[in-house]
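Novice: Got a predicted structure here, sequence first:
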Amino acid sequence: MKRFTAIVSVLFVLAVAIPAAAEASAIQFYEITTEILDSGLSRNEVKITFDIPAPSRIDYPIISDVTGFGWAANFNTTCTLNKQGVTSIISCDLENVTKNQRSLSFNYTSAGFVRQLEKDKWIYRFDYQSSVPVTTLAITVKLPEGKGLIKPGDSQTAGGLLPYAPADGETRTDGRRILLDWARNNFKAGDLLSISVVYENIQILPFSNLLPVLAASIVILIGVSVYLYRKKNKIIFKTEETLDSVLPILKEDERKVIDCLLSDNGEKMQRKIVYETNFSKAKVSRLINDLKKRGIVGVEERGRTNRVFLLKKPKEPFGTIKPGEAAQNEVKTDDHSKG
């Protein structure tokens, strides 16, 4: 029975290798996906599609303790995890591999991929070497959430290392993590691929630095809320100027409209103003529009009519001044001053 012979390339403890097979044996597709965890462990998934003829067995050595081991295949096989000193070996029987059923995958969690360089900076690194040809090799590394690649300018503080190597790696994101991909076609037996990734905590502004932004956001939010509330309820705030100060400059017809409002606590429906003043609807509408433009009255739609209300308050409370009395008081005051 044929058997792979393991070739191990050790770098930062972990080595990943595909053992050797008969000369005709090869790997058609080999994919490694490594998810780096915050704990420094790495969760790995390996997918292999064998060429035909396939070897009868594969041994996959990992120089590390392995936990969470699992496997799946589309052919009848058995995979086991064995311990030999510091090395964990995944062994799978390939006797039942056929042309249409030749895919195998396994996953495990291990230590040894990650080493801390300095505060808030880490390096993930391993070598991949195969003793048989691989038609398509694909490697993906996922950084932990909240971590990013070091900036090229920071490479000096990270021992002169680049953010990632080899340089032909491609970066992308899944919305939560940064991912790096490498691909090789016609990877020859004995070729070596050394992967390294240097990453750090993504800088977050201290809370104290966010206070001005937060305060400004709250002020803007309050302003927008007040504006929308006023617009929805059509509220117009009254000015400090009193009604008594504008009465002398009003025309007689305008005073009649004001007297109407004073007789009913400063507000009245527009159709009732038409009835009480005996003016036409068009004239009342024109008078109210003029008073509104001058900030004396406000108007709020109420079905087929409007609610008209005073924006300027009289000096005396509503009800203490009878309609027309305010204007008469102004005239009497003027007469006494002349005398």
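Specialist: That came in fine, so what should we check first?
Novice: Dead centre of this protein: give me the residue that sits there.
Specialist: Taking CA atoms, centre = their mean, the centroid of the chain lies closest to residue 175, which sits 8.4 Å from it.
Novice: Tell me the spacing between that residue and residue 269.
Specialist: According to CB to CB, to the nearest Å, residue 175 stands 58 Å off from residue 269. Any C-beta I mention is one placed from the backbone N, CA and C, and that applies to glycine too.
Novice: repeat for residue 145
Specialist: 63 Å.
Novice: cool, residue 220 as well?
Specialist: Residue 220 is 38 Å from residue 269, by CB to CB.
Novice: Looking at those two, which is more packed in?
Specialist: For residue 220 and residue 269, the more surrounded residue by other CB atoms under 10 Å is residue 269, and the numbers stand at 15 against 10.
Novice: May I ask you to confirm that that one is in contact with residue 303?
Specialist: No. With contact defined as CB atoms under 8 Å, residue 269 does not count as touching residue 303 (9.6 Å).
Novice: what ranges do the helices span in the protein?
Specialist: 207-233, 252-262, 270-277, 281-293, 325-338 (DSSP state H).
Novice: Tell me what angle the second one forms with helix 270-277.
Specialist: In terms of direction (axes from the mean of the first three to the mean of the last three CA atoms, to 10 degrees), helix 252-262 departs from helix 270-277 by 120 degrees.
Novice: Use 710 as the first number from now on
Specialist: I'll keep to 710 as the first residue from here, and by that count the last item is helix 961-971.
Novice: Let me know how buried the closest residue in space to residue 996 that isn't next to it in sequence is, in neighbour terms.
Specialist: The shortest distance from residue 996 to any non-neighbouring residue, by CB to CB, 6 or more residues apart in numbering, is to residue 966 (5.2 Å). Neighbours of residue 966 under the rule other CB under 10 Å: 26.
Novice: Residue 934 now?
Specialist: Residue 934, neighbours per other CB under 10 Å, totals 10.
Novice: picking that back up, among the helices of the chain, show the one with the smallest mean pLDDT.
Specialist: Of all the helices of the chain, the minimum mean pLDDT falls on helix 1034-1047 (a mean of 43).
Novice: what about residue 988, distance to residue 787?
Specialist: Using CB to CB, we find residue 988 at a distance of 101 Å from residue 787.
Novice: Make sure residue 813 is actually in contact with residue 764.
Specialist: No. Using CB under 8 Å, residue 813 makes no contact with residue 764, being 11.7 Å away.
Novice: Which neighbours do those two have in common?
Specialist: residue 803 (CB atoms under 8 Å, 6 or more residues apart in numbering).
Novice: What average pLDDT does stretch 784-801 get?
Specialist: For stretch 784-801, mean pLDDT is 91.
Novice: do stretch 899-910 as well
Specialist: Stretch 899-910 comes out at a mean pLDDT of 91.
Novice: Output it as PDB, restricted to C-alpha atoms.
Specialist: The C-alpha coordinates for stretch 899-910 follow below in PDB (Å, rounded to 0.1, in the frame of the first residue of the first chain):
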ATOM      1  CA  GLY A 899       9.200  21.100  -3.300                       C
ATOM      2  CA  ASP A 900       8.100  24.700  -3.900                       C
ATOM      3  CA  LEU A 901       7.900  26.800  -0.700                       C
ATOM      4  CA  LEU A 902       5.300  29.500  -0.100                       C
ATOM      5  CA  SER A 903       5.900  31.600   3.100                       C
ATOM      6  CA  ILE A 904       2.900  33.600   4.200                       C
ATOM      7  CA  SER A 905       3.200  36.500   6.800                       C
ATOM      8  CA  VAL A 906       0.700  39.100   7.900                       C
ATOM      9  CA  VAL A 907       1.400  41.900  10.400                       C
ATOM     10  CA  TYR A 908      -1.600  43.500  12.000                       C
ATOM     11  CA  GLU A 909      -2.600  45.800  14.800                       C
ATOM     12  CA  ASN A 910      -5.600  47.100  16.700                       C
END
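Novice: contacting residues around the closest residue in space to residue 886 that isn't next to it in sequence?
Specialist: Nearest residue to residue 886 in three dimensions, chain neighbours excluded: residue 851, at 5.0 Å (CB to CB, 6+ apart). For residue 851, the contact set (CB under 8 Å, 6+ apart) comprises 742-745, 883, 886-888.
Novice: Residue 851 and residue 961, how far apart?
Specialist: Counting by CB to CB, the gap between residue 851 and residue 961 amounts to 83 Å.
Novice: Over to residue 1013?
Specialist: According to CB to CB, residue 1013 and residue 961 sit 28 Å apart.
Novice: list the contacts for the closest residue to residue 979 other than its chain neighbours?
Specialist: With sequence-adjacent residues excluded and distances taken as CB to CB, 6+ apart, residue 979 is closest to residue 1015, at 4.3 Å. The contact partners of residue 1015, taken as CB under 8 Å, 6+ apart, are 978-979, 997, 1008-1009.
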